[in-house]
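Peer 1: after the sequence you'll find the predicted model.
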Amino acid sequence: MRRGQAYLVAGALAVGALLGAVSLGWGDPSGAQSAGKGDGKPQAAGDGLAKQTPLLMSVLNPPQPVKGTDGKYHLAYELLLTNTSPGTARVGWIKTRDAKSGEVVGTLAGPDVAARTTRVGDISGETTGKIESGQVAIVYLDVTFEQRSEVPRVIEHRVRTNFDLPSGLFTNLFPAQTTDSGARTTVVQARPVVVDPPLKGKNWVAANACCNVSPHRGAMLAFHQRLLATERYAIDYIQSDDEGHLVFPGDDSRLRDFPAYGKPVLAVANAKVVKVVEKFPDVKPGVLDPDLTLQEAGGNYVILDIGGGKYAFYAHLKPNSIEVKVGDRVSSGQKIARLGNSGNTTFPHLHFQVVDAPLAVGANNNLPYVFDSLTYQGYIDDELTPHLLDNPQPREEELPLAQSVVTFPAP
């Protein structure tokens, strides 16, 4: 008899826990609801119950439009998806909508969803087409517009999800498919900061740049109890030859074999030097140090305060080449160091980004920026085949996109 009573109590606890888990799906803590209006208020289904949303969605940071070298305005941002069901979630499509008009302004569907999705905590760099029970995934979205005036002030999302539910007690309480609306967010209206180039000359290739899935977009780290996109707009500048071909490390590679090595690194604005680290040697091309800590990953670096709460970060600088110290005032175009191969790097390049705090890692926001002027030479495709223009195009106030090749004017 006592065993029977214990069984009934345990069963009641299981039902209570399940209902608690289900109730987590009834409301999105960010205020984005799944029913049509998406106004943050619980919506009733036909049977009078709140609408169940086992895949929770939210936007990590409000996006900000930036003009790329394709001439389009890009909203690059991250959609967080949390699977609260007991089964495996597979997202069929994601539609970004103008929250005011309801117009669909971007669609990601089928294999393209999986190609832009990773799981939180998975440092392998692998993308995935499924989100297991209890997992959080990140979808790296890039919605483009021909004109800046077309960019909505507020966006929301509509997501179709299929659930592969296991057989067993209570799993019948979860839907096998949902189509939900939510993850409403404002769009930042401020224009990106305009800076001068950090380098000069031709054949600079924007590696790991906006707005593809890349090691930079995938650098999602938690600081002070917040998940941050630490390198959303960071670019690794490497240099090709005049035909657009790149040198990659081999067994006998030397640093001087790479065209970028030792090139002058320049201040991108009139600024104040707020941080200098210069204690690391260059590393051998193609060899990563497995013992480097997060604080050491940038190698030798400089941070400039460029005003307005924005900071320019330069990493992987050549040892004994930094020409400035903390407190110095520098002028735009002034040489501050030389490009090197220190820190977490496989071959010489300049890692450059703009952030909202004087930190190598851990700033709240990795900010979009555009260069005052550059010349677009073409691009290198995924097979590393160059596609260079016969007549390179002068551009103003654009951000080099992934694998584009540009010329930076002399200061």
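Peer 2: Nice, I can see it.
Peer 1: phi, psi for Thr171 please.
Peer 2: phi -70, psi -20 (degrees, to the nearest 10).
Peer 1: the one 5 residues further on too?
Peer 2: Reported as degrees, to the nearest 10, the phi and psi values for Ala176 are phi -80, psi -20.
Peer 1: let me see the contact set for it.
Peer 2: By C-beta atoms under 8 Å, 6 or more residues apart in numbering, Ala176 lies in contact with 162-163, 165. C-beta here means a position set from N, CA and C on the backbone, and glycine is covered the same way.
Peer 1: among the residues you listed, which one is most surrounded by other residues?
Peer 2: Within these, neighbour counts (other C-beta atoms under 10 Å) peak at Phe163, which reaches 21 neighbours.
Peer 1: and the pLDDT at the nearest residue to it once chain neighbours are set aside?
Peer 2: Spatial nearest neighbour of Phe163, chain neighbours left out: Gly87 (4.5 Å); criterion: C-beta to C-beta, 6 or more residues apart in numbering. In this model, Gly87 is scored at 95, pLDDT.
Peer 1: and Gly87, how many residues sit next to it?
Peer 2: Residues near Gly87, counting by other C-beta under 10 Å: 19.
Peer 1: okay, domains of this protein per the record?
Peer 2: For the chain, automatic domain parsing gives the domain ranges 23-39+51-186, 193-408.
Peer 1: tell me which of the contacts of Ala176 is nearest to Val370?
Peer 2: Asn162 (40.0 Å; C-beta to C-beta).
Peer 1: got the phi/psi numbers for that closest one?
Peer 2: phi -110, psi 140.
Peer 1: wait, Leu367 sits on Asp356?
Peer 2: Yes: using C-beta atoms under 8 Å, Leu367 is in contact with Asp356, at 6.2 Å.
Peer 1: between these two, which contacts overlap?
Peer 2: Shared contacts of Leu367 and Asp356, counting by C-beta under 8 Å, 6+ apart, come down to Lys310.
Peer 1: okay, those two: which has more neighbours?
Peer 2: Leu367 (21 against 14).
Peer 1: list the contacts for the more buried one?
Peer 2: Neighbouring residues of Leu367 by C-beta under 8 Å, 6+ apart: 64, 192-193, 233, 310, 354-356.
Peer 1: quick one: buried ones out of these?
Peer 2: For the contacts of Leu367, a burial check counting by 16 or more other C-beta atoms under 10 Å picks out 64, 192-193, 233, 310, 354-355.
Peer 1: filter those residues down to the ones in strands?
Peer 2: 193, 310, 354-355 (DSSP state E).
Peer 1: got TSV for these, with distance to Glu132 and pLDDT too?
Peer 2: TSV is the format used below for those (distance: C-beta to C-beta, whole Å; pLDDT from 0 to 100):
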residue	distance to Glu132	pLDDT
Val193	40	97
Lys310	39	98
Val354	36	98
Val355	33	97
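Peer 1: so what's Pro249 up against?
Peer 2: Residues in contact with Pro249, defined by C-beta under 8 Å, 6+ apart, are 285-287, 346-347.
Peer 1: am I right that it is in a strand?
Peer 2: No: assignment of Pro249 by DSSP: H, G, I helix; E, B strand; the rest coil gives coil, placing it outside any strand.
Peer 1: so what does the helix or strand hosting Ser58 touch, helix or strand wise?
Peer 2: Here Ser58, judged by DSSP states H and E, is contained in strand 55-59. With contacts taken as 3 or more C-beta pairs under 8 Å, 6 or more residues apart in numbering; DSSP states H and E, strand 55-59 sits against strand 73-83, strand 154-164, strand 177-186.
Peer 1: hmm, who's touching whichever helix or strand comes after it?
Peer 2: As assigned by DSSP H and E, the chain's next helix or strand after strand 55-59 is strand 66-67. By C-beta under 8 Å, 6+ apart, the residues outside strand 66-67 that reach it are 73-74, 76, 148, 192, 210, 233, 368-370, 397-399.
Peer 1: before we move on, the earlier item: between the contacts of Ala176, which is nearest Gly378?
Peer 2: Among those, Asn162 lies closest to Gly378 (C-beta to C-beta), at 40.8 Å.
Peer 1: contacts only, for the closest one.
Peer 2: By C-beta under 8 Å, 6+ apart, the contact list for Asn162 reads 89-90, 92, 176-177.
Peer 1: are any of the contacts of Pro249 buried, and if so which?
Peer 2: Among the contacts of Pro249, those classed as buried by neighbour count (16+ other C-beta under 10 Å) are 285, 347.
Peer 1: now, the contacts of Pro249 that are in helices?
Peer 2: Of those, none are assigned to helices by DSSP state H.
Peer 1: report the two of the contacts of Pro249 separated the most.
Peer 2: Using C-beta to C-beta, the pair of the contacts of Pro249 lying farthest apart is Val287 and Phe347, separated by 9.9 Å.
Peer 1: in stretch 287-304, what's buried?
Peer 2: In stretch 287-304, counting by 16+ other C-beta under 10 Å, buried: 292, 296-304.
Peer 1: just these: which has the poorest pLDDT?
Peer 2: Of all these, Leu292 carries the smallest pLDDT score, 90.
Peer 1: if you skip the residues just before and after it, what's nearest to that one?
Peer 2: Asn344 is the one closest to Leu292 (C-beta to C-beta, 6+ apart), at 5.5 Å.
Peer 1: what kind of secondary structure is that neighbour in?
Peer 2: Per three-state DSSP, Asn344 ends up coil.
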